[in-house]
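In: Provided below are the primary sequence and the corresponding predicted coordinates.
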Amino acid sequence: MLDIRFLGKVTIKYNGQNIEEQLGSKAIALICLLALNHRKYMGREKLEGYLWPDSDTEAAKYNLRYNLWLVKKNIGKDKDGGAFLYIDNECCGINSKYKFKCDIIDIIEFIPSQKDSIENIIKLKQLFRGDLLHHNF
């Protein structure tokens, strides 16, 4: 199971093991961008522009390929055998069928209702552990 925490100190656990050190800051930022846009795929050029704005085109393409490979290498399949990332020649994103937990997705998708218990509100509040990507950039 993959568990991602972007608020406060970043933690990314896959099957109970911390993997953020194996990923590095750019791969973590890539995962964060994809998580913030988890309902759609992002164009490779847009990701390259966000993550490597000062690099020439070829260097940015290489860096994106390398960081996508790094993410795929360190985040394995879910219990149903699905890969974390969807990647093609023009875009990439998080596989919508991949089972994982992510604090910012939980916050984005929280829809308050009158029937919410105080426990659900407290759980939501506990997700706010600090700044987004604190100490990563």
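Out: Looks like it arrived, so ask away. None of the values given here were measured: they were computed from a predicted structure.

In: what's the burial count for L23?
Out: Counted with other C-beta atoms under 10 Å, residues neighbouring L23 total 20. (Each C-beta comes from the backbone N, C-alpha and C, glycine too.)

In: surely G82 touches S96?
Out: No - judged on C-beta atoms under 8 Å, G82 makes no contact with S96 at a distance of 9.4 Å.

In: okay, these two: which has more neighbours?
Out: Set side by side, G82 and S96 show more neighbours around G82, with 14 against 11, by other C-beta under 10 Å.

In: confirm that the more buried one sits in a helix.
Out: No - looking at G82 with DSSP: H, G, I helix; E, B strand; the rest coil, it is coil, so not inside a helix.

In: mind pulling the model confidence for it?
Out: At G82 the predicted local confidence, pLDDT, stands at 93.

In: what of K9?
Out: So, for K9, pLDDT stands at 86.

In: and the residue nearest the centre of this structure?
Out: The chain has I31 as the residue nearest its centroid, 3.1 Å off, counting by C-alpha atoms, centre = their mean.

In: gap between that one and K72?
Out: 11 Å (C-beta to C-beta, to the nearest Å).

In: kindly report the same for Q17.
Out: Taken as C-beta to C-beta, the span from Q17 to K72 is 16 Å.

In: higher neighbour count, these two?
Out: K72 (13 against 9).

In: buried set for the helix or strand hosting that one?
Out: Assigned by DSSP states H and E, K72 belongs to helix 57-74. For helix 57-74, burial by neighbour count (16 or more other C-beta atoms under 10 Å) applies to A60, N63, L64, N67, L68, L70, V71, N74.
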